[in-house]
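**Student:** Got a sequence here, can you build the structure:
(one chain, ligands or ions: 1)
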Amino acid sequence: MSTVIPIRADSTGCTDVVPLVERGQREVFCGLTGIIWLHRKIQDAFFLVVGSRTCAHLIQSAAGVMIFAEPRFGTAIIDERDLAGLADVHEELDRVVGQLLARRPDIRLLFLVGSCPSEVIKLDLSRAAERQNRIHHPAVRVLNYSGSGIETTFTQGEDACLASMVPGLPASQAGTAPALMVVGTLADVVEDQMRQLFERMGLQLSFFPPRHSQAMPAVGANTRFLLAQPFLADTARALQSRGAQHLSAPFPLGVEGTTAWLQAAATAFGVAPEVFEQATLAPRQRAEKALAVQRDILHGQRIFFFPDSQLEIPLARFVQRELGMHLVEVGTPYLHRQHMAAELALLPAGTRISEGQDVDLQLDRCLADAPDLVVCGLGLANPLEAQGITTKWAIELVFTPIQGYEQAADLAGLFSRPLKRRLKLAA
Ligand code: SF4
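**Tutor:** Numbers count the residues shown, from 1 in each chain. You can find the predicted model right below:
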C-alpha cells in the first residue's frame, strides 16, 4: 500500500509560488567540486583545473575523502609571474598539457577547467582548447568549461561540463525511431538499475555522460531526454538546440519520484500500463517497505533547507510526502520553473520557498524557527550545531547514490541519522 500523502485533485501545490528572493552574501562551494563525481563517471577523462593553489586545495581536500590510485584531475597553477603578465600563460599551459598527455596515454578526453583566477586574468580557455585539439585530436579531444565560483553553485560545474560536450555529440540519423536518453551523472550502480527497469519495459536507452568518452550517445530530433539531476539547465538548453525534446517529470528521488520519472518515459514511448506495472511493482514494494522504518523516525520532524545543491525542492517533496516531515523553509539557489514544474505541483500550497541567499537573514529565520533538522553547506553546519541545531551536509546528498527505488531508504537514512545521533548524545 502506498503511504504517499495524497494531493487533492484540484490542488496545484506550489505551482504559482512567489518565492522569497534574496540576493545577498552566499555560502556555497564553487563548480570545481563537480570534478569529484565527474571524473569517476567518465573513466578516460582528465580534468585539468587552470587555477590557483586555493583551487588545488579545494579539489584535493574534497577528493581526499575518497581513495584513488591514479587521480584523473589536477591543477595547472597560475602563479604570480602569470598574474603579473610576466609569462605567456598560453605557452605554459601548452607545455603542461603536452607533459600530461605524454605521461598518461589512457586519457582520451581532456577538460581545461576555468577558475576564478583564470577568469580574472581573462585567460581564454576556449582558444587554448582549440589549439590543443589541433595538436592532439583525434587521439585526445580537448574541451573547456568554467568551474569558477564567482556566480555559481557547486552543482553548476556538472552542468557546464555536460553542456561543453553537447556540440560534439554525434548526430542521430534523420527519420530514426525515437530514442530515450537519461541526462545527468548517476552512480554506476544506479545507472545499471535504471537500465534494467527500462529494459523490462522494452526500452533501450543511452546515458549522458557516458562511462567512456568513445561511447558518446547520438542526439537529434528523435531524442527524448529525462533529466536525472535538477541542475542541468544549460545542458538541457544545448540538447534542445540539437533538436532533442525534454520529458517533463519529477526527479527520481523516493518511490513516488522514481515512479513518476519512469512513467514519463513509459508514456512518451507508449509502454502499456500492465507492462509498466509488472516492471516496477516488485522494486516499488520493496522500497515502500524499507521506507516505513525511516518514516517512524522522521514523521512530524521539522526540516529547513538552505540553498546549496539545487536538489532542495525534489528532496523537500520526498521528505514531506513520503516521510511526513514538515517543511519550514525550502531554499534553492535558483528556481528553474520549467524543470521544477512537476515538483512544485507536489509541494503543499503555502510552503515557504526562497531563491538565492542573504545568509545572515536566512540564519536569523532559521534560528527563530528552531527546526529539528537543517540541510546546509559545510560552512554553516558547525555554527548551527554549536547552537544546538541538528544538521545534514547538503554535499553528502550529491556524493551519495540516492536516486531510484533501491536507494529510497538510504536517502531517508541520510535525514534520520543525524537525528538519531542527536538523540543518543542527549541520552
Ligand atoms: S574556482 Fe574560485 S571559488 Fe573555486 S577554489 Fe578556485 S578560487 Fe576558490
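**Student:** Please count neighbours and contacts with C-alpha atoms only from this point.
**Tutor:** OK.
**Student:** next helix or strand past the helix or strand where Met194 lies?
**Tutor:** Assigned by DSSP states H and E, Met194 belongs to helix 188-200. Next along the chain after helix 188-200, taking DSSP H and E as the criterion, comes strand 205-208.
**Student:** residues making contact with the next helix or strand after that next one?
**Tutor:** Proceeding N to C from strand 205-208, the next assigned helix or strand is strand 223-227, under DSSP H and E. Here strand 223-227 makes contact (CA atoms under 8 Å, 6 or more residues apart in numbering) with 178-184, 243-249, 251, 261, 265.
**Student:** Same check on stretch 171-185?
**Tutor:** With CA under 8 Å, 6+ apart as the test, stretch 171-185 has contacts from 37-38, 41, 203-209, 218-229, 232, 265, 269.
**Student:** before we move on, the earlier item: name the helices or strands packed onto the helix holding Met194?
**Tutor:** helix 273-298 (3 or more CA pairs under 8 Å, 6 or more residues apart in numbering; DSSP states H and E).
**Student:** and the helix it packs on, which residues are buried?
**Tutor:** 276, 279-280, 284, 287-288, 290-292, 294-295, 297-298 (16 or more other CA atoms under 10 Å).
**Student:** Out of those residues, which is nearest to Lys122?
**Tutor:** Leu298 (49.0 Å; CA to CA).
**Student:** quick one: that closest one and Glu322 touch, right?
**Tutor:** No: between Leu298 and Glu322 there is no contact under CA atoms under 8 Å: 10.0 Å.
**Student:** what pLDDT does the residue of the stretch 201-350 of the chain found nearest the ligand get?
**Tutor:** Here the stretch 201-350 of the chain gets closest to the ligand at one residue, Asp308, 14.3 Å apart by CA to the nearest ligand atom. Per-residue pLDDT puts Asp308 at 92.
**Student:** same deal with Gly64?
**Tutor:** 65.
**Student:** Kindly report the same for Ala381.
**Tutor:** So Ala381 comes in at 93 (pLDDT).
**Student:** So for it, what's the nearest residue that isn't a sequence neighbour?
**Tutor:** What sits nearest to Ala381 in space, not counting adjacent residues and going by CA to CA, 6 or more residues apart in numbering, is Thr391, at 5.9 Å.
**Student:** Dig out what the one you found forms beta bridges with.
**Tutor:** Beta-bridge partners for Thr391, by DSSP bridges, are Val374.
**Student:** what's the spacing between it and Phe208?
**Tutor:** Distance, Thr391 to Phe208, by CA to CA, to the nearest Å: 33 Å.
**Student:** So for these two, which sits in the more crowded spot?
**Tutor:** Thr391 (27 against 23; other CA atoms under 10 Å).
**Student:** can you pull out the helices in the stretch 101-250 of the chain?
**Tutor:** Here the stretch 101-250 of the chain has its helices, by DSSP state H, counting those that start in this stretch, at 116-120, 125-136, 156-165, 188-200, 233-241.
**Student:** Which of those helices sits closest to the ligand?
**Tutor:** That would be helix 116-120 among those, by CA to the nearest ligand atom, at 4.1 Å.
**Student:** Residues of the stretch 51-200 of the chain that sit close to the ligand?
**Tutor:** Taking CA under 6 Å from any ligand atom as the contact definition, the stretch 51-200 of the chain meets the ligand at 54-55, 58, 115-116, 147-149.
**Student:** Please tell me how far the closest residue in space to Phe208 that isn't next to it in sequence sits from Ser241.
**Tutor:** Residue nearest to Phe208 in three dimensions, not counting chain neighbours: Val183, with 4.9 Å by CA to CA, 6+ apart. As judged by CA to CA, Val183 and Ser241 stand 15 Å apart.
**Student:** More neighbours: the two, which one.
**Tutor:** More crowded of Val183 and Ser241, by other CA under 10 Å: Val183, with 23 against 14.
**Student:** per the record, what domains does the chain have?
**Tutor:** Following automatic domain parsing, one gets these domains for the chain: 20-26+287-426, 31-152, 179-274.
**Student:** Which of these comes out lowest on mean pLDDT?
**Tutor:** Lowest mean pLDDT within the domains of the chain: domain 31-152, at a mean of 88.
**Student:** now that one: how far from the chain's centre is it?
**Tutor:** Centroid separation for domain 31-152 versus its chain: 21 Å, with CA atoms, centre = their mean, to the nearest Å.
**Student:** quick one: Val50 is in a strand?
**Tutor:** Yes: the assignment for Val50 by DSSP: H, G, I helix; E, B strand; the rest coil puts it in a strand.
**Student:** My read is that it contacts Cys116, right?
**Tutor:** No: Val50 is beyond contact range of Cys116, at 9.2 Å (criterion: CA under 8 Å).
**Student:** Compare neighbour counts for those two and give me the winner.
**Tutor:** Per other CA under 10 Å, whichever of Val50 and Cys116 has more neighbours is Val50, with 25 against 19.
**Student:** Now name the helix or strand holding the closest residue to the more buried one other than its chain neighbours.
**Tutor:** Spatial nearest neighbour of Val50, excluding adjacent residues (CA to CA, 6+ apart): Ala76 at 4.9 Å. Per DSSP H and E, Ala76 falls inside strand 73-77.
**Student:** which secondary structure elements does that strand contact?
**Tutor:** strand 45-51, helix 53-63.
**Student:** if you compare these, which one is most tucked away?
**Tutor:** Most buried of the helices and strands packed on strand 73-77 by mean neighbour count (mean count of other CA atoms under 10 Å) is strand 45-51; its value is a mean of 24.
**Student:** So which elements touch it?
**Tutor:** Applying 3+ CA pairs under 8 Å, 6+ apart, one finds that strand 45-51 contacts helix 35-41, strand 73-77, strand 109-114, helix 116-120.
**Student:** Quick check: which of these has the most neighbours on average?
**Tutor:** strand 109-114 (a mean of 24).
**Student:** Any buried residues in stretch 16-28, and which?
**Tutor:** For stretch 16-28, a neighbour-count test (16+ other CA under 10 Å) marks 17, 19, 21-22, 26-28 as buried.
**Student:** Correct me if wrong: Phe231 contacts Phe154.
**Tutor:** No: in this structure, Phe231 is not within contact of Phe154 by CA under 8 Å, at 9.8 Å.
**Student:** what do these two both touch?
**Tutor:** Ser309.
**Student:** Count the neighbours of the closest residue to Ala268 other than its chain neighbours for me.
**Tutor:** Among residues not flanking Ala268 along the chain, Leu247 sits closest, at 7.8 Å (CA to CA, 6+ apart). Residues within reach of Leu247, counting by other CA under 10 Å, total 17.
**Student:** ok, Leu247 touching Ala264?
**Tutor:** Yes: using CA under 8 Å, Leu247 makes contact with Ala264 at a distance of 6.5 Å.
**Student:** Cool, thanks, signing off.
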